[in-house]
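Novice: For reference, the sequence and a predicted model appear below.
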Amino acid sequence: MTRLVVLGRSLLARLHRASAPPPSRIMEAALAGLSPAVLATLCHLDVPDRVTAPVRVADLAGVLDVDPDRLERLLRFAHVHGWLRLDREGQVRPTRVTAFLRRDHPGGWRAWAVFAAQPEVTRALGALTAALPEDGDAFHAANRQPFFPWMASHPDAGARFDEAMAAGARLHGLLLARALDWSDRRRICDVGGGDGTLLATLVAHHPHLDATVLELPEVVARTPDRPGIAAIAGDAFDAIPTGFDTYLLVNVVHDWDDRDVQRLLERVAAAARASAATTAAVRVVVVESRAHPRPVEEIALSADTLMLALTPGGRERTVDEVAAIGRAAGLSCRRWLTLASGDVAMVLEPAAGARSDGPRRN
Ligand SMILES: C[S@@+](CC[C@H](N)C(=O)[O-])C[C@H]1O[C@@H](n2cnc3c(N)ncnc32)[C@H](O)[C@@H]1O
């Protein structure tokens, strides 16, 4: 179903674009960067929070203490994008999107609107050319440090990044809670699990689970404690804790190049094999956007370009590509399923006859 909706929307978008002459298409693309700027500005002004019922532009401008005419120009832009609506009487009205942009919306998607317009992100996008050499890193070129070390030395920005990740994590927690059978699972380790939102969501649906996040020390330090979720501060490339029957890697694989993904999965495979001595059959669940051999207009395509700008070698991959790296790391893909988000959940297990010693260090 999700696939059909994506394909239908992609087709409509192609028709929409094909109906415009080339100069219009170039101008539309050249000015597309205004969208995150306007969206973030409206969020910073708390416009979505204030538009819970129809309100006159002049009254809204009065509450926000801004110029009504200038505000209306942003609202007109927002109207065309459906983030809110301007009616013929000059009132601003909420749409379904407005609700999702509010601070108190449980989905937390406002954080993505804020994160995508942050200066470190826009600087990296502006330096995209630097991503093109084989070992290029646009984020590093633009911000003088690679992404995760930069976030470590800028804790406020790091917390905003964690918050944006938490929106997807909450959704994936809900989807995984329903899509997989957790009844025989006991101990879960979420590798690179951010602020623990995914595990908290999963445990809310399956309270018998004992849940632990493995995260970088700075992320653990800036994350408030969550009742019932343990946190281990560490580097997943150094060691993965043992004693778990399920290892999750959600939107983690796409941060790294193939060589690093193999190194990471080798460590996961080693931990899974060591855990198998004391627990039920161990499984490794990798959740990623799904790239396609031919480009399809969907979020995975934008996510891939974002990975090109923010990481030294991260990318979205096809299911076969992830499975091949997993195989090289000693994990075989038992099955995979498409989640309602359009992302793919792959269930891997330590390959029979795989080495039982620790992984090699590259
Ligand atoms: C793209 S985020 C995904 C977060 C979370 N899994 C989610 O889906 O929202 C990648 C996460 O990996 C963590 N990470 C990066 N390098 C790591 C490392 N060497 N060891 C452990 N975690 C790491 C980051 O701090 C970040 O939270």
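Specialist: Yep, it's here.
Novice: Now do the end-to-end distance for stretch 28-46.
Specialist: Distance between the boundary residues of stretch 28-46 (C-alpha to C-alpha, to the nearest Å) amounts to 27 Å.
Novice: Likewise for stretch 267-287?
Specialist: 17 Å.
Novice: does it come close to the ligand?
Specialist: No: for stretch 267-287 and the ligand, the contact criterion (C-beta under 6 Å from any ligand atom) is not met; the two come no nearer than 7.3 Å. Quick note: C-beta positions are derived from backbone N, CA and C, even for glycine.
Novice: Neighbours of the closest residue to residue 318 other than its chain neighbours, how many?
Specialist: If you skip the residues right next to it in sequence, residue 318 has residue 291 as its closest partner in space, 5.1 Å away by C-beta to C-beta, 6 or more residues apart in numbering. Neighbours of residue 291 under the rule other C-beta atoms under 10 Å: 21.
Novice: hang on, isn't residue 291 packed against residue 322?
Specialist: No: counting by C-beta atoms under 8 Å, residue 291 sits too far from residue 322 to count as a contact (9.4 Å).
Novice: and residue 192, what is it in contact with?
Specialist: In this structure, residue 192 makes contact with 214-215, 236, 249-250, 252, 255, judged by C-beta atoms under 8 Å, 6 or more residues apart in numbering.
Novice: With residue 104 instead?
Specialist: Contacts for residue 104 (C-beta under 8 Å, 6+ apart) come out as residue 49.
Novice: tell me the SS of it?
Specialist: coil (DSSP: H, G, I helix; E, B strand; the rest coil).
Novice: can you check the one 4 residues further on too?
Specialist: Here residue 108 is coil, with the state taken from three-state DSSP.
Novice: Give me the nearest residue to it, chain neighbours excluded.
Specialist: residue 167 (4.2 Å).
Novice: Is the one you found within a helix or a strand, and which one?
Specialist: Residue 167 belongs to helix 155-179 when elements are defined using DSSP states H and E.
Novice: So which bits of that helix are buried?
Specialist: Judged by neighbour count using 16 or more other C-beta atoms under 10 Å, the buried positions of helix 155-179 are 157-177.
Novice: cool, stretch 194-204 as well?
Specialist: Counting neighbours by 16+ other C-beta under 10 Å, one finds that the buried residues in stretch 194-204 are 194-203.
Novice: can you narrow the residues you listed to ones near the ligand?
Specialist: With C-beta under 6 Å from any ligand atom as the criterion, the subset of the buried residues of stretch 194-204 in contact with the ligand comprises residue 194.
Novice: Now render the buried residues of stretch 194-204 as CSV, adding secondary structure, distance to residue 308 and pLDDT.
Specialist: Formatted as CSV, the buried residues of stretch 194-204 follow (DSSP: H, G, I helix; E, B strand; the rest coil; distance: C-beta to C-beta, whole Å; pLDDT from 0 to 100):
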residue, secondary structure, distance to residue 308, pLDDT
194, coil, 21, 98
195, coil, 25, 97
196, coil, 28, 98
197, helix, 26, 98
198, helix, 25, 98
199, helix, 29, 98
200, helix, 31, 98
201, helix, 29, 98
202, helix, 30, 98
203, helix, 34, 98
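Novice: ok, so of the buried residues of stretch 194-204, who is nearest the ligand?
Specialist: Proximity of the buried residues of stretch 194-204 to the ligand was ranked by C-beta to the nearest ligand atom; the top entry is residue 194 with 3.8 Å.
Novice: any idea how far the residue of the chain most remote from its centre is from the ligand?
Specialist: The outermost residue of the chain, judged by C-alpha distance from the chain's mean C-alpha position using C-alpha atoms, centre = their mean, is residue 89 at 38.8 Å. Residue 89 sits 42 Å away from the ligand, going by C-beta to the nearest ligand atom, to the nearest Å.
Novice: so that residue, which of the three states?
Specialist: Using three-state DSSP, the secondary structure recorded for residue 89 is coil.
Novice: how about it, phi and psi?
Specialist: When read as degrees, to the nearest 10, the backbone of residue 89 gives phi -90, psi 10.
Novice: Once you drop chain neighbours, what's closest to residue 311?
Specialist: Counting by C-beta to C-beta, 6+ apart, the nearest residue to residue 311 once its immediate chain neighbours are dropped is residue 255, at 5.4 Å.
Novice: For the stretch 151-300 of the chain, which residue gets nearest to the ligand?
Specialist: residue 192 (2.9 Å).
Novice: Next, count neighbours for the residue in the stretch 1-150 of the chain positioned nearest to the ligand.
Specialist: Closest approach of the stretch 1-150 of the chain to the ligand (C-beta to the nearest ligand atom) occurs at residue 148, with a separation of 4.9 Å. For residue 148, the count of nearby residues is 17 (other C-beta under 10 Å).
Novice: Fine by me, thanks again.
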